[in-house]
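Student: Any chance you could fold what I've pasted below:
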Amino acid sequence: MSASHPDRNRASPEEAAQHVETAEAGDESRVVEVRVAATAAQLPVMRAVAGDLAMRADFDVDTIADLRLAVDEACSSLVRIAAERSQLLGRFRTEDDRLEFTAEVTSTDPSGPRKNTFSWRVLGALTDTVASSVQESDSRDDGHVVRIELSKGRMVHE
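Tutor: Numbering: from 1, shown residues only. The predicted structure follows:
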């Protein structure tokens, strides 16, 4: 690993990727969790993990590109409404011919991401399913936990 520049106050995508945690959830599925600062500078980490997992799951090139774009769009939407110093949590699950992704941040905005935007339409076009939810945080000071969940199936080649 390269030495950090003394003036840098945020981790590079490479440094943030070191915080990737993998957990087995049964024989058929695999869960990968990534936590980074909820900043636009960390979005390449989420895109890279999405692309890598889709490639390993034998998704075709177009579907991999769609997943990378969808993950980027979902995370960008959450970063815009994230509370200061919030973390962006990404949870990837591969099951059979499907990749599921859940992203969440803490936000002071109880309404969550707007669904009447071009960004939301892009998410709908790039994925098979997309949904969002907002719930109060367990800690009173943290505001709300805002999530976007999406999934995309792999093309089956016969």
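Student: quick one: average pLDDT of stretch 70-78?
Tutor: The pLDDT scores in stretch 70-78 average 97.
Student: Pull the residues that contact it.
Tutor: For stretch 70-78, contacts defined as C-beta atoms under 8 Å, 6 or more residues apart in numbering pick out 38, 40, 43, 46-47, 50, 88, 90, 101, 103-105, 107, 113, 119-120, 122-123, 126-127, 130, 146, 148, 150, 152. Every residue, glycine included, has its C-beta placed from N, CA and C.
Student: Can you select the buried ones among those for me in PyMOL?
Tutor: Restricted to buried positions by 16 or more other C-beta atoms under 10 Å, the PyMOL selection for those reads:
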select buried, resi 38+43+46+47+50+88+90+101+103+104+105+107+113+119+120+122+123+126+127+130+146+148+150+152
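Student: The contacts of stretch 70-78 in helices, which ones?
Tutor: Those of those mapping onto helices are 43, 46-47, 50, 119-120, 122-123, 126, per DSSP state H.
Student: What is the nearest of the residues you listed to F59?
Tutor: A50 (10.0 Å; C-beta to C-beta).
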